[in-house]
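In: Provided below are the primary sequence and the corresponding predicted coordinates.
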Amino acid sequence: MSSTLVLGGSNSRHLAFDVSRAIKADYQPVEVKSFPDGETYIRVPAELEGKDVIYVNSLQPNPNSALIETFLALDAIKKHNARKVIAVIPYMAYARQDEEFNPGEAVSAFTVGRLFQSISVDYIITVDMHLHRITDPKRTFGAFVRNVTGVRELSKYVKGHLDISNAVVVGPDEEAEQWASVMAGDLGLAYFVLKKRRISGTEVEVRGELGDVRGRDAIIVDDIISTGGTIVEAVKLLRGAGAGKVHVLCVHPLLVQEAYHKLREMELETLAGTDTVLSPISVVKVAPAIADELKNII
Ligand code: R5P
C-alpha cells in the first residue's frame, strides 16, 4: 500500500485513476449520493492519517453541485488528519467572471477562490484556468495554487495524428494567444490570433488580420469550447480567407447546449479536447501534465 492516495470525485474518476497510475499511488473513488431533499452526501475513506491525499474533481458538468461535492469532500479529508491534502480541480468553474461588469454583479472568481482558501488545502492544482483580466491565479486562490497547461498534451496529440507540414496555429481571440503561442512553439509553426467581440452568452463576432492562411491548414486552439459560437465564427472566417483543412483543439470541451452538433456540422478535419471534462471529443489525456506537477510537490 502506498502512502499516497488519489481520490476521485464524481466528475473525474477517470482522471483520478490515470493520475494514480502515473504517480504509482493507490486510487479510490469518493462515495457520493443525493439525499431525497437534493442535498449531497459524501463519504471519504476514514484511514487517511499520515497519508498524502490527492482529491481530483472537475467543476464541470453541473458546476454548482460539483462545487458543493468538492468542498464537502476536501473538508472531510482534512478532518481525517491527512499529512498533505492536494486538490486537483482540472476545470475551475466560475473563473470567467473576474470583474463587476455591471454594478451589483457577484464576482464569482473571487468568491470561489475565497471558499477554496477557507478549506486550507496544501495545494490546489488546476489546468488552464481561464485567466483574462486576472493573469495570476494566486490573486484569487492564494499562494498554493498551481496552474498547469493541457496545451502541451494537445501538441503531442497533434504531432502524433496530424500532418502539420503546411499548417499555421490560430488563436480564435486575443486571450488565446497564451495557448496558440505554446502550441506553435511546440510544433515549430507560426501563429496568429483573431479578435472577438462578445455580443451575448451565445453570440460572438470574430474578425482580424488573417495572416498567411490562404491555401494553408489551420490548427485552431482555445482553452474552452462552451457553446461553440467562437469556433464556428473563427472557422467561417478562416475558410472565407481560403484556408485548407481546419483542425480544432481545446483544453476544456464543455460543449454545452447544441455545441457538439453545431461543430460536427462544420465538417472539421479534427475536433479534439482533453479529458479535464468528459465529452464526445475528450480524446487527449491530461493526466501526464497533472502527474508532472504532483511529482514536483510530493
Ligand atoms: C473565452 O474567451 C474562452 O477563451 C473561450 O473562447 C470561450 O469560453 C468559448 O465560448 P463559446 O464556445 O461559448 O464561444
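Out: Structure's in. What do you need? Numbers count the residues shown, from 1 in each chain.
In: and the residue of the stretch 51-200 of the chain nearest the ligand?
Out: For the stretch 51-200 of the chain and the ligand, the shortest gap (CB to the nearest ligand atom) falls at E175, measuring 5.2 Å. C-beta here means a position set from N, CA and C on the backbone, and glycine is covered the same way.
In: Just give the nearest non-adjacent residue to that residue, would you?
Out: Counting by CB to CB, 6 or more residues apart in numbering, H132 is the residue found nearest to E175 once chain neighbours are left out, at 5.4 Å.
In: what about the residue of the stretch 51-200 of the chain closest to the ligand, is that helix, strand or coil?
Out: For E175, the secondary-structure state derived from DSSP: H, G, I helix; E, B strand; the rest coil is helix.
In: So what's the predicted local confidence for it?
Out: You'll see E175 listed with a pLDDT of 92.
In: likewise T135?
Out: According to the per-residue confidence, T135 scores 86 in pLDDT.
In: Run through the residues that contact it.
Out: Under the criterion of CB atoms under 8 Å, 6 or more residues apart in numbering, T135 has no contact partners.
In: Tell me how this protein divides into domains.
Out: 4-149+286-297, 151-275 (automatic domain parsing).
In: what comes up buried for the longest helix anywhere in the chain?
Out: The single longest helix within the chain, with elements called by DSSP state H, is helix 63-79. By 16 or more other CB atoms under 10 Å, the buried positions in helix 63-79 come out as 63, 65-67, 69-78.
In: can I get these in JSON lines with distance to E293?
Out: Formatted as JSON lines, the buried residues of helix 63-79 follow (distance: CB to CB, whole Å):
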{"residue": "P63", "distance to E293": "23"}
{"residue": "S65", "distance to E293": "26"}
{"residue": "A66", "distance to E293": "21"}
{"residue": "L67", "distance to E293": "22"}
{"residue": "E69", "distance to E293": "23"}
{"residue": "T70", "distance to E293": "18"}
{"residue": "F71", "distance to E293": "22"}
{"residue": "L72", "distance to E293": "24"}
{"residue": "A73", "distance to E293": "20"}
{"residue": "L74", "distance to E293": "18"}
{"residue": "D75", "distance to E293": "23"}
{"residue": "A76", "distance to E293": "24"}
{"residue": "I77", "distance to E293": "19"}
{"residue": "K78", "distance to E293": "21"}
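In: Among the residues you listed, find me the one that's closest to G171.
Out: Compare each of the buried residues of helix 63-79 with G171 using CB to CB and the shortest gap goes to P63, at 25.1 Å.
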